[in-house]
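**Q** Pasting a predicted model and its sequence here:
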Amino acid sequence: MIAGLTLSDYVLFSAALFGLGLAGIFIHRKNILMLLMCIELMLLAINTNFLAFARYWQDLTGQILVFFILIVAAIKTAIGLVILMLLIKKHYSASIDDLNILQG
Amino acid sequence: MNERLIFYVFFAITLVSALGVIFSKHIVRSVLWLIAAFIFTSVLWLLLKIEFLAFLLVLIYVGAVLVLFTFVILLFDLNQVQHKKHFNLVSFCGVIFAGTLLGIVSHIVIRHGFPINHGQLLLNTIPKNELMHLCHLIFNNHILAVEISGLLLIATIVIALGLNIKGNNT
């Protein structure tokens, strides 16, 4: 029996979370808000993976990458929500199909 | 041994929260489940002794981003706008795909493991002033990335305000 935490636990955890986010994207692919939330879940999974491997290799670069991923994910969410608000104001729907008006 | 017990308890709770995000009827409940998933995952990060990023996750994500989600949902009563689930062939294939990914990863991890120390994480040898090293690395070696992300944040504020002003005029 292994005493402490192992890397395998964390890799399994992040794979399960990533799979759930991916399945959520496929299930709710018509709804922009659910898409954003499932992307958040997947980002959480990859952040956990980065941190576990940073501890495994005893290297701080993984933590720095997670720091920047958090910043970029926050920016992505803010812009996505602004676009969603404009779409709801214009069409009163949160469906991907109404984004067809964006085609150049 | 104790740590492993705590880890598996929060593992299970987080996966239940993620299932709640996907399968909730109301979208407000989905956001609340998502907040729960983030908080429980920050506990898992604390078990890795990564206190700073766990703090950042709770402060920035739960405190700002997910509250932004909740505000947008409450602003436009989205329960009337949405919420049809589309269980058809594409979503079925997607679920199969995700399950296959999970199966492959778990098979590799359980069967083969990791070479160094049998994959054990050596959490006792972490230096006490690790946060100082982290800040030193961020603000010396990666200062360009910090500046660029600051610029991105300013650009985000400008874009959000500009889109809103323009959207209100038309």
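**A** That came in fine, so what should we check first?
**Q** Could you measure from the most centrally placed residue in chain B over to B:G63?
**A** Centroid check for chain B by C-alpha atoms, centre = their mean gives B:F38 as the closest residue, at 5.8 Å. Distance of B:F38 to B:G63, given as C-beta to C-beta, to the nearest Å: 10 Å. Just so you know, the C-beta spots here come from the backbone N, C-alpha and C atoms, and that holds for glycine as well.
**Q** Next, show the common contact partners of those two.
**A** By C-beta atoms under 8 Å, 6 or more residues apart in numbering or on different chains, B:F38 and B:G63 have no common neighbours.
**Q** quick revisit: for the residue nearest to the centre of chain B, what are its contacts?
**A** B:F38 touches A:L44, B:L57, B:V58, B:Y61, B:V62, B:L66, counting by C-beta under 8 Å, 6+ apart.
**Q** Helices - which of those residues land there?
**A** Members of those lying in helices (criterion: DSSP state H): A:L44, B:L66.
**Q** The worst-scoring helix or strand of chain A on mean pLDDT and chain B in contact?
**A** Every helix and strand of chain A was ranked by mean pLDDT, DSSP states H and E. The lowest is helix A:61-91, at a mean of 90. Yes. Under the criterion of C-beta under 8 Å from any C-beta of the partner chain, chain B is reached by helix A:61-91 at A:61, A:63-64, A:66-68, A:70-75, A:77-79, A:81-86, A:88-90.
**Q** now for the contacts of B:F38, which pair is the farthest apart?
**A** Maximum pairwise distance among the contacts of B:F38 (C-beta to C-beta): 12.4 Å, between A:L44 and B:V58.
**Q** Look at the two and report which has more neighbours.
**A** Taking neighbours as other C-beta atoms under 10 Å in any protein chain shown, A:L44 and B:V58 compare with A:L44 leading, 25 against 18.
**Q** tell me the average confidence for the strand or helix carrying A:S14?
**A** For A:S14, the enclosing helix or strand under DSSP states H and E is helix A:7-27. Averaging the model's pLDDT scores along helix A:7-27 yields 92.
**Q** residue in chain A nearest to chain B?
**A** A:F26 (2.3 Å; C-beta to the nearest C-beta).
**Q** Can you give me every residue that contacts residue 70?
**A** You didn't pick a chain, so chain A it is. Here A:L70 is in contact with A:N47, B:L53, B:L56, B:L57, B:I60, B:Y61 (C-beta under 8 Å, 6+ apart).
**Q** Please refer instead to chain B.
**A** Applying C-beta under 8 Å, 6+ apart to B:T70 gives the contacts B:V28, B:V31.
**Q** make it 10 Å
**A** B:V28, B:V31, B:L32, B:L34, B:I35 (C-beta atoms under 10 Å, 6 or more residues apart in numbering or on different chains).
**Q** and the residues you listed, which of them are in helices?
**A** Filtering the contacts of B:T70 for helices - DSSP H - leaves B:V28, B:V31, B:L32, B:L34, B:I35.
**Q** which residue sits closest to the last one in space, ignoring its chain neighbours?
**A** Of all residues beyond its chain neighbours, the one nearest B:I35 is B:L66 (5.0 Å), with distances taken as C-beta to C-beta, 6 or more residues apart in numbering or on different chains.
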